[in-house]
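Peer 1: Dropping a prediction and its sequence here:
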Amino acid sequence: MADDQRIRIFDTTLRDGEQSPGASMTHAEKLEMARALADLGVDVIEAGFPVASIGDFEAVRAIAAEITGPTICGLARCNDRDIDRAWEAVRYAQRPRIHVFLATSAIHREHKLRMTPEQIVERAVAGVRRAAGYCPDVEFSPEDAARTELDFLCAVVEAAIDAGATTVNIPDTVGYATPSQFSKVIRTLRERVPNIGKAVISVHCHDDLGMAVANSLAGVEAGARQVECTINGIGERAGNAALEEIVMALRTRRDYYGADTGVKTERLYPTSRLLTTVTGLSVQRNKAIVGRNAFAHESGIHQDGMLKERSTYEIMRPEEVGVPKTDLVLGKHSGRHALKDRAIGLGFHLTDEQLNAVFDDFKALADKKKEVYDDDLAVLIEKQIGDDVPKAWELISVQTTTGSNMLPTATVCIRRPDGEIVQDAAIGTGPVDAIFKAVERVTGVRASLHDFAIRSVTRGKDAQGEVTLELAVESDDIDFRGRAASTDIIEASALAYINAVNAIASRRERGRVREVAGRPGAGA
Ligand SMILES: CC(=O)SCCNC(=O)CCNC(=O)[C@H](O)C(C)(C)COP(=O)(O)OP(=O)(O)OC[C@H]1O[C@@H](n2cnc3c(N)ncnc32)[C@H](O)[C@@H]1OP(=O)(O)O
Ligand SMILES: CC(C)C(=O)C(=O)O
Ligand SMILES: [Mg+2]
């Protein structure tokens, strides 16, 4: 493929995607996703915003140290601390990139940054120069570019390239653009910015009006050669352009766009599934490319057409995007080889130790269910790889009694962090509420329930129920997530609640250790 026909895929699932409420990932989950993105063949992984937290810094640094192939990028505002921190995080990558951004639209200049246009140019140049002093690969984004006066946008972009930006990314930060307007922005930059040839033009579109993919493709038609996108389209508010849609639109309509990406399209579905499992954010059934209905045909006329010639109703083949044809049915007679093979198909790389742990859980589940589906397996694997919170409190058993004319009661039996086994009971408005109250009595952790969701992991009467919940405690300003699955939804609720309590206990313990270490004389 000629270089000008090659569209670079910049994946920001681990940065903009992680900004979606409910999409926060643990260190281990971010690494697992980064491995899957590298397998997928993306060109750039934006691994995080290193100054945001110690956890994000460490995740970006670990990804930079481990992942080879794609460029590893860290985001930074236009200030010294952010840029220094971003460089510290990405510097050991095979191909590091620093991404600096500064808003340029009048609304953002006046109300958010409280800066004049001259100050914006000055700050953008200073930021890009500092980043370029560390790293030859620097991306600059004029945030809210789509609402920026075109003359001013051209001036900022020209100054950023002069200062050393090698990629200029044009964001439609609030999803306000329309395809023809957005392609005009890109065309104008190509026509009016004298040094534009020294940088790759990139687009970064949000989906507030449902046009993120259309706007990104309009940008490509106008000459953009990098597209920023996320798996399943997750991201701030309504999300970003969905990577799988961008990639498959370019591949399927190569006749029209005359361009393509380096993505291994058969890894699209497994990567989408991995993200769903890791975050608990499922995609709607009719989602393009990766939704359950994307390749399903129900009506007779369509089925007839498909049986005669599949191209009558299918513009892509499911195999092209990795929708699995499950030949091996996993059940209680299956062994480790089949399990490992399926796990790889789903995008997971398990160590021998993890495989053994998943295998034990798998056999226990297979004893309860006729068939273990991919989704069941994904939940079991996530339990092993995603959970890096120490299990201070452990549920031994739970029992509830409930009915139309009685007070719902729950009895829980829990192992305390010191190993002692304690039992207690409580009544509640329903069996789940009773369980939460009983757990509260045993652990002494008082929390309010911010969110509680239950979904069926697969189909059928013997399907596992997955419970996701969020707890808030008065002393902390963050929510603590708990997640668990079981064929018994009452047990899943208790396990999810205990997981969140463990997250709270672990944070308190880390705080206590820091406090002791900070006391005069400690550690001397
Ligand atoms: C469009 C995007 O997606 S941008 C990325 C958005 N992502 C995030 O914000 C997630 C991570 N963010 C965070 O963890 C926090 O916001 C932090 C650590 C970065 C900053 O936290 P705080 O220092 O408490 O600042 P806070 O977030 O409340 O306010 C942002 C500040 O940055 C300034 N700012 C915003 N963008 C930029 C920029 N590109 N360059 C320089 N300064 C900026 C704001 O004007 C404000 O400054 P002020 O404190 O002088 O008013
Ligand atoms: C940081 C920038 C690129 C961004 O996410 C946006 O403007 O939407
Ligand atoms: Mg964004």
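Peer 2: Looks like it came in fine. Ligands and ions are numbered 1, 2, ... in the order given.

Peer 1: got the contact list for residue 426?
Peer 2: Residue 426 is in contact with 409-410, 434-435, 437-438, 440-441, counting by Cβ atoms under 8 Å, 6 or more residues apart in numbering. Any C-beta I mention is one placed from the backbone N, CA and C, and that applies to glycine too.

Peer 1: swap the cut-off to 10 Å and go again
Peer 2: 408-412, 433-442 (Cβ atoms under 10 Å, 6 or more residues apart in numbering).

Peer 1: now, which of those lie within helices?
Peer 2: The members of these that map onto helices under DSSP state H are 433-442.

Peer 1: Which strands or helices does the helix ranked longest in the chain pack on?
Peer 2: As assigned by DSSP H, the longest helix anywhere in the chain is helix 489-518. On a contact count with 3 or more Cβ pairs under 10 Å, 6 or more residues apart in numbering; DSSP states H and E, helix 489-518 meets helix 374-385, strand 394-401, strand 409-415, helix 431-443, strand 448-456, strand 465-472, strand 479-486.

Peer 1: Can you give me the buried ones in it?
Peer 2: 489-507 (16 or more other Cβ atoms under 10 Å).

Peer 1: follow-up on the earlier one: residue 112: which of the contacts of residue 426 is nearest?
Peer 2: residue 436 (40.2 Å; Cβ to Cβ).

Peer 1: Please name the residues that touch that closest one.
Peer 2: Residues in contact with residue 436, defined by Cβ under 10 Å, 6+ apart, are 410, 412, 426, 428, 430, 447, 449, 452, 469, 471, 493-494, 496-497, 500-501.

Peer 1: Please apply the same query to residue 361.
Peer 2: Counting by Cβ under 10 Å, 6+ apart, residue 361 has contacts 376-377, 379-381, 383-384.

Peer 1: so who does residue 180 touch?
Peer 2: For residue 180, counting by Cβ under 10 Å, 6+ apart, the contacting residues are 215, 218, 222.

Peer 1: so the second one is in which element?
Peer 2: Per DSSP states H and E, residue 218 falls inside helix 212-221.

Peer 1: Direction included, what does whichever helix or strand comes after that helix pair up with?
Peer 2: Later in the chain than helix 212-221, the nearest helix or strand by DSSP H and E is strand 226-229. Sheet pairing of strand 226-229 (DSSP bridges) gives strand 8-11 (parallel), strand 200-205 (parallel).

Peer 1: Which stretches in the stretch 251-400 of the chain count as helices?
Peer 2: For the stretch 251-400 of the chain, applying DSSP state H, counting those that start in this stretch gives helices covering 254-257, 268-279, 300-308, 336-345, 352-368, 374-385.

Peer 1: before we move on, what about the stretch 101-250 of the chain?
Peer 2: 106-107, 117-134, 150-163, 179-192, 212-221, 243-252.

Peer 1: So for ligand 2, which of those helices sits nearest?
Peer 2: When the helices of the stretch 101-250 of the chain are compared by Cβ to the nearest ligand atom, helix 212-221 sits nearest ligand 2, at 10.3 Å.

Peer 1: avg pLDDT for the longest helix of the chain?
Peer 2: Model confidence over helix 489-518 averages 78 on the pLDDT scale.

Peer 1: what angle do it and strand 409-415 make?
Peer 2: Helix 489-518 and strand 409-415 are oriented at 50 degrees to each other (axes from the mean of the first three to the mean of the last three Cα atoms, to 10 degrees).

Peer 1: how far does helix 489-518 sit from the chain's center?
Peer 2: 23 Å (Cα atoms, centre = their mean, to the nearest Å).

Peer 1: Tell me how many other residues surround the closest residue to residue 305 other than its chain neighbours.
Peer 2: Nearest non-adjacent residue to residue 305, counting by Cβ to Cβ, 6 or more residues apart in numbering: residue 312, 3.6 Å away. By other Cβ atoms under 10 Å, 12 other residues sit near residue 312.

Peer 1: Residue 205 too?
Peer 2: Going by other Cβ under 10 Å, the residues that sit close to residue 205 add up to 31.

Peer 1: ditto for the one 3 residues further on
Peer 2: Residues within reach of residue 208, counting by other Cβ under 10 Å, total 17.

Peer 1: who's in contact with it?
Peer 2: Applying Cβ under 10 Å, 6+ apart, we find residue 208 in contact with 172-177, 236-239.

Peer 1: Which residue comes closest to it once chain neighbours are left out?
Peer 2: Residue nearest to residue 208 in three dimensions, not counting chain neighbours: residue 175, with 2.9 Å by Cβ to Cβ, 6+ apart.

Peer 1: Give me the secondary structure label for the residue of the chain positioned farthest from its centre.
Peer 2: Residue farthest from the centre of the chain, counting by Cα atoms, centre = their mean, is residue 405 at 44.6 Å. Recorded secondary structure, residue 405: coil (DSSP: H, G, I helix; E, B strand; the rest coil).
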